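A.B. asks: what's the 3D shape of this:
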Amino acid sequence: QSPYEYRLSDSYAINDILASAWLSGDRSKEAATKQVQNLSHPDKIVRYWTAVGLRSQSKEQLQPFEKEIKQAMSDEYAPVAITAAAMAYNQFNSSEAQSVLKSYLLHENDMLALLTIHYLMYVDNKQPFVETVRASREMKGRTYNPKAAAVDFLGSLGLVPNNPSYRQ
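C.D. replies: As a prediction, this is how the structure comes out:
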């Protein structure tokens, strides 16, 4: 069906999506509790906004919800899984999260690889991902955006020049 028809259907949970999105900047215990409850919402877009919102919470706010965040790494909707893995890696130093992120770096879908690289720009320890980002950049058929993001990632570590005149 068309996006317009979908928007008019009962399966489009606009009120739940908006409620989840509005919580995404709220850094409070109450918001974190509501967000974690929404990680199991039936609508994937609600789960996505929930995961994005949880990323803004402090480590202290997220600590009680480590189990739920790690469970979200196996969400069927890849953007939720990637976002949860980025949180689990940076907040809880999860080796499982590192594996999830590396697998999405090498995913054939450029947008999923790009999303993963963007999240990795903000993790504290980027080193474990250097070789996988390089491999992702060199994948056959990779388009400009994930390749450019890979250069940004590698350039942030001083591993490649990162300026407009650098072309590879």
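A.B. asks: tell me how far stretch 29-49 lies from the chain's centre.
C.D. replies: 15 Å (Cα atoms, centre = their mean, to the nearest Å).
A.B. asks: next one: stretch 65-77
C.D. replies: 12 Å.
A.B. asks: would you mark the buried spots in that stretch?
C.D. replies: 65, 68-70, 72-73, 75 (16 or more other Cβ atoms under 10 Å). To be clear about C-beta, it is placed using only N, CA and C from the backbone, and glycine gets the same treatment.
A.B. asks: determine the longest helix present in the chain.
C.D. replies: helix 78-92 (DSSP state H).
A.B. asks: kindly format the C-alpha coordinates of that one as PDB.
C.D. replies: Extracted C-alpha coordinates of helix 78-92, given in PDB (Å, rounded to 0.1, in the frame of the first residue of the first chain):
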ATOM      1  CA  ALA A  78      17.700  -3.400  12.300                       C
ATOM      2  CA  PRO A  79      17.700   0.300  13.300                       C
ATOM      3  CA  VAL A  80      16.500  -0.700  16.800                       C
ATOM      4  CA  ALA A  81      19.100  -3.500  17.000                       C
ATOM      5  CA  ILE A  82      21.900  -1.100  15.900                       C
ATOM      6  CA  THR A  83      20.900   1.600  18.300                       C
ATOM      7  CA  ALA A  84      20.600  -0.800  21.200                       C
ATOM      8  CA  ALA A  85      24.000  -2.300  20.300                       C
ATOM      9  CA  ALA A  86      25.600   1.100  20.300                       C
ATOM     10  CA  MET A  87      24.200   1.800  23.800                       C
ATOM     11  CA  ALA A  88      25.200  -1.600  25.100                       C
ATOM     12  CA  TYR A  89      28.700  -1.300  23.800                       C
ATOM     13  CA  ASN A  90      29.300   2.200  25.000                       C
ATOM     14  CA  GLN A  91      27.400   1.900  28.300                       C
ATOM     15  CA  PHE A  92      28.100  -1.700  29.300                       C
END
